[in-house]
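1. what follows is a predicted structure for the sequence shown.
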Amino acid sequence: MKVVIVGGVAGGATAAARLRRLDENAEIVVFERSGFVSYANCGLPYYIGGVIEDEAELTLQTPESFYERFRVVMKVRHEVLSIDRAAKTVTVRDLETGREFAEAYDKLLLAPGAKPTQPKLPGAGLDRVFTLRTVEDTLRIRRFVEQQRPRSAVLAGGGFISLELAENLREQGLEVTIVQRPKQLMNPFDADMAALIHTELRTHGVRLALGHTVEGFAEAEGGVQVLLQGEVPLQADMVILAIGVTPDSHLAAEAGLDLGIKGTIAVNDHMQTSDPDIYAVGDAVQVQQFVTGQPAHIALAGPANKQGRIAADNIAGGDSRYTGAQGSSVIKVFTLTAAATGLNETAARKAGLDVEAVILSPMNHAGYYPGGRVMTIKAVFARDTGKLLGAQIVGADGVDKRIDVLATAIRAGMTAADLTELDLAYAPPYSSAKDPVNMAGYMMENIRRGLVRQFRLEDLDALPRDGSVTLLDTRTPAEYRRGHADGFVHLPLDDLRDRLGELDPAKPVYVMCQSGLRSYLACRLLTQHGFACRNFAGGYRFYEAVITDRCQSDQAWPCGMDR
């Protein structure tokens with residue numbers, strides 16, 4: 001059997017190695033358009049920033065090492081131009097010599113990946129306008145930074161690559177501006193959680209120009225102008241387009257293979273295309289969103305590697321199936337870590353699901369152990385079943401641990417009640433006796449059982465300030481003086497029992513505290529004394545972070561904080 005693989009990075013290289021482990025006699029040929037195979041795509045921004053110092057560290061394998069270990073022929077700088085399905089051949093061009101030739105296959109695996117989205121904007125081809133996808137792109141950007149010593153950069157787009165570049169360029173001393181059309185960065189996060197990421201970027205000097213449309217680029221004196229719709233142009237020494245990625249599916253389309261959403265290659269759960277002898281994996285394919293079962297395009301390294309392994313199993317005669325992707329991801333943003341898995345609340349509601357969310361701010365380990373830092377967790381669950389659907393976390397140490405537990409819980413179909421029963425490792429330097437994951441489960445269960453009702457940030461503006469409801473802040477006097485939500489009167493939790501007579505039981509009570517714990521305790525007390533009480537999700541800390549971000553992003557936003 002002869003297997004031809006188009007693309008030699010994550011999915012393609014993984015498939016080639018797995019196929020050799022399964023079939024020692026198969027002839028395996030990989031064609032890779034760039035000059036590198038099996039390289040660490042996710043490490044590219046860190047090489048530009050000098051965190052990864054040695055270029056060789058980016059390359060996990062070379063064509064020579066791959067052949068020596070697996071007897072797989074890796075042909076770099078070779079571009080596959082077309083597929084002849086009837087003849088079962090591909091036409092290949094050697095980019096070094098220009099020679100074209102036909103290569104026969106019994107089975108073909110497409111792993112072409114995705115390419116940076118490049119809208120047809122004036123000036124996109126200027127020398128100081130870059131994209132970042134390959135090692136060659138990385139070397140070009142790093143060479144420019146080292147030789148030209150730019151003082152400023154504009155990053156167009158607000159996804160993973162853009163944020164990682166922003167940090168690395170900022171650490172190099174550049175003034176960095178991120179500009180994009182949506183008013184929030186990082187689409188896997190809801191807007192309220194993205195606000196915490198915005199704050200961290202601004203704290204480290206990254207300028208955010210959100211809600212602005214890039215219309216093109218123009219040469220300027222020793223730099224480049226970023227032309228914005230209806231706004232004054234931005235001036236920078238360099239621009240990097242990080243708007244997103246587009247599936248590189250033209251080979252499949254030209255060969256008449258079925259396509260899916262966003263121009264992806266349609267595959268079944270065996271990673272098989274509409275041609276039974278052609279498979280496809282990685283950033284170019286349509287997959288199933290694990291939680292909803294709906295078609296999705298999820299361009300991440302983890303899914304690509306899994307898909308490569310599954311395709312190889314099936315090419316070798318096995319019966320492996322890909323059950324879908326959750327989009328689990330994590331990113332370092334200066335001193336913070338941000339992670340997500342499954343559906344965020346926005347996506348869940350867009351999918352037509354009846355969901356609720358809890359927001360909590362636990363410490364990453366026992367509060368009495370030195371060095372603890374707060375993390376913010378947002379967990380999304382089905383209102384009827386309590387099934388966990390998604391989670392987002394922004395914090396410092398311990399974020400990656402909790403997101404992985406929650407990702408596993410989603411894969412296992414766990415409910416809020418199941419989370420409360422998880423037996424997780426505890427020692428003061430690492431966690432609390434009730435881990436944040438357990439706490440998320442407790443909060444979801446309290447809501448489902450009716451022990452607490454909550455109100456959210458989006459409900460605040462609609463609350464009457466005419467005295468028909470009671471707005472209560474149960475923090476300490478010092479906390480209240482430092483800032484409080486508009487219209488909320490102060491009554492510390494520890495004084496509440498003795499001052500119940502000051503409250504009208506006929507009026508609904510809306511309670512806020514710093515993190516949501518004291519206001520929850522207040523609501524439990526008030527409910528048992530006949531009051532209708534709602535607890536503010538996330539607490540004042542969360543409220544302040546989101547409102548401050550909105551004020552900085554849009555000066556017309558009413559800040560709603562008394563100081």
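-> That came in fine, so what should we check first? This one's a predicted model, so the numbers in the text were calculated from it and none came from an experiment.
2. residue 478 - how many residues pack around it?
-> Residue 478 has 7 neighbouring residues, counting by other CB atoms under 10 Å. Where you see a C-beta, it was placed from the backbone N, CA and C, and this is true even at glycine.
3. element containing residue 327?
-> Per DSSP states H and E: residue 327 is located in neither a helix nor a strand.
4. excluding sequence neighbours, find me the nearest residue to it.
-> residue 298 (5.0 Å; CB to CB, 6 or more residues apart in numbering).
5. correct me, but the one you found touches residue 325?
-> Yes: judged on CB atoms under 8 Å, residue 298 makes contact with residue 325 at a distance of 4.4 Å.
6. who touches both of the two?
-> In the contact map built from CB atoms under 8 Å, 6 or more residues apart in numbering, the residues linked to both residue 298 and residue 325 are 287, 289.
7. any idea how far residue 296 is from the residue sitting nearest the centre point of the chain?
-> Centroid check for the chain by CA atoms, centre = their mean gives residue 188 as the closest residue, at 4.5 Å. Separation of residue 188 from residue 296 (CB to CB, to the nearest Å): 12 Å.
8. who touches both of these two?
-> Counting by CB under 8 Å, 6+ apart, the residues touching both residue 188 and residue 296 are residue 327.
9. and residue 140, how many neighbours?
-> Residues lying near residue 140 (other CB under 10 Å) number 16.
10. for it, what are its contacts?
-> residue 130.
11. what of residue 470?
-> 489, 503-504, 507-510.
12. greatest separation within these: which pair is it?
-> Distance extremes for those: the farthest pair is 489 and 508 at 14.4 Å, using CB to CB.
13. of the two, who's got more company?
-> residue 508 (18 against 11).
14. where does this protein dip in pLDDT?
-> Scanning the chain for pLDDT under 70 picks out 554-563.
15. measure how buried residue 492 is and give me the count.
-> 17.
16. is it true that it touches residue 474?
-> Yes: between residue 492 and residue 474 there is a contact at 6.1 Å, judged by CB under 8 Å.
17. next one: residue 308 from residue 113, what distance?
-> Residue 308 is 12 Å from residue 113, by CB to CB.
18. find residues that contact each of those two.
-> Joint contacts of residue 308 and residue 113 (CB under 8 Å, 6+ apart) are 10-11, 282.
19. which one of those residues sits in the busiest neighbourhood?
-> residue 11 (34 neighbours).
20. for the nearest residue to that residue once chain neighbours are set aside, which residues are in contact?
-> Using CB to CB, 6+ apart and skipping the chain neighbours, the partner closest in space to residue 11 is residue 282 (3.4 Å). Counting by CB under 8 Å, 6+ apart, residue 282 touches 7, 9-12, 111-114, 303-304, 307-308.
21. swap the cut-off to 10 Å and go again
-> 7, 9-12, 14-15, 109-114, 247-248, 265, 271, 299-301, 303-305, 307-308, 311 (CB atoms under 10 Å, 6 or more residues apart in numbering).
22. likewise for residue 164?
-> Residue 164 touches 42-46, 48-49, 51, 132, 242, 331-333, counting by CB under 10 Å, 6+ apart.
23. switch to 8 Å and redo it
-> By CB under 8 Å, 6+ apart, the neighbours of residue 164 are 45-46, 331-332.
24. cool, and residue 405?
-> Contacts of residue 405 by CB under 8 Å, 6+ apart are 422, 424, 437.
25. surely the last one and residue 418 touch.
-> No: here residue 437 does not reach residue 418: they are 10.4 Å apart, not a contact under CB under 8 Å.
26. between these two, what contacts are shared?
-> Both residue 437 and residue 418 are contacted by residue 409, under the criterion CB under 8 Å, 6+ apart.
27. so the two - more neighbours on which side?
-> residue 437 (24 against 16).
28. so when I look at the more buried one, I'm seeing a helix, right?
-> Yes: using DSSP: H, G, I helix; E, B strand; the rest coil, the assignment for residue 437 is a helix.
29. find the nearest non-adjacent residue to it, please.
-> Residue 437's closest residue in space is residue 405 (CB to CB, 6+ apart), at 5.0 Å.
30. is that neighbour in a helix, a strand, or coil?
-> helix.
31. where's it relative to residue 111, distance?
-> 31 Å.
32. next one: residue 160
-> 20 Å.
33. just want to know which of these two has more residues nearby.
-> Comparing residue 160 with residue 111 by other CB under 10 Å, the one with more neighbours is residue 111, at 31 against 22.
34. contacting residues around the more buried one?
-> 5-12, 15, 280-282, 284, 304, 308.
35. make it 6 Å
-> 7, 11-12, 281-282 (CB atoms under 6 Å, 6 or more residues apart in numbering).
36. ok, back up a step: of the contacts of residue 164, buried ones?
-> 45-46, 331 (16 or more other CB atoms under 10 Å).
37. with secondary structure as extra columns, can I get those residues in JSON lines?
-> Formatted as JSON lines, the buried ones among the contacts of residue 164 follow (three-state DSSP):
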{"residue": "45", "secondary structure": "helix"}
{"residue": "46", "secondary structure": "helix"}
{"residue": "331", "secondary structure": "strand"}
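38. so residue 369: helix, strand or coil?
-> Applying three-state DSSP: residue 369 is coil.
39. would you confirm that it contacts residue 428?
-> Yes: with contact defined as CB atoms under 6 Å, residue 369 counts as touching residue 428 (3.9 Å).
40. name the residues of the helix or strand residue 103 falls within that are buried.
-> Secondary structure assignment for residue 103, by DSSP H and E: strand 100-104. In terms of neighbour count (16+ other CB under 10 Å), strand 100-104 has its buried residues at residue 103.
41. what's the next secondary structure element after that strand?
-> Next along from strand 100-104, by DSSP H and E: strand 107-110.
42. residues contacting the helix or strand following that following strand, please?
-> Scanning forward in sequence from strand 107-110 by DSSP H and E, the next helix or strand is strand 114-116. Outside strand 114-116, the residues within contact range by CB under 6 Å, 6+ apart are 131, 133, 245-248, 283, 299.
43. strand 114-116: how far from the chain's middle?
-> Distance of strand 114-116 from the chain centroid (CA atoms, centre = their mean, to the nearest Å) equals 17 Å.
44. partners of that strand, with directions?
-> Within its sheet, strand 114-116 is paired with strand 245-247 (antiparallel), according to DSSP bridges.
45. which residues sit against the strand it pairs with?
-> Contacts for strand 245-247 (CB under 6 Å, 6+ apart): 114-115, 117, 263-264, 284, 299.
46. make it 8 Å
-> Under CB under 8 Å, 6+ apart, the answer for strand 245-247 is 114-117, 133, 262-265, 283-285, 297, 299.
47. can I get those residues in a markdown table with neighbour count?
-> Listed next are those as a markdown table, based on neighbours: other CB atoms under 10 Å:
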| residue | neighbour count |
| --- | --- |
| 114 | 22 |
| 115 | 16 |
| 116 | 19 |
| 117 | 14 |
| 133 | 20 |
| 262 | 14 |
| 263 | 17 |
| 264 | 24 |
| 265 | 27 |
| 283 | 29 |
| 284 | 30 |
| 285 | 31 |
| 297 | 20 |
| 299 | 21 |
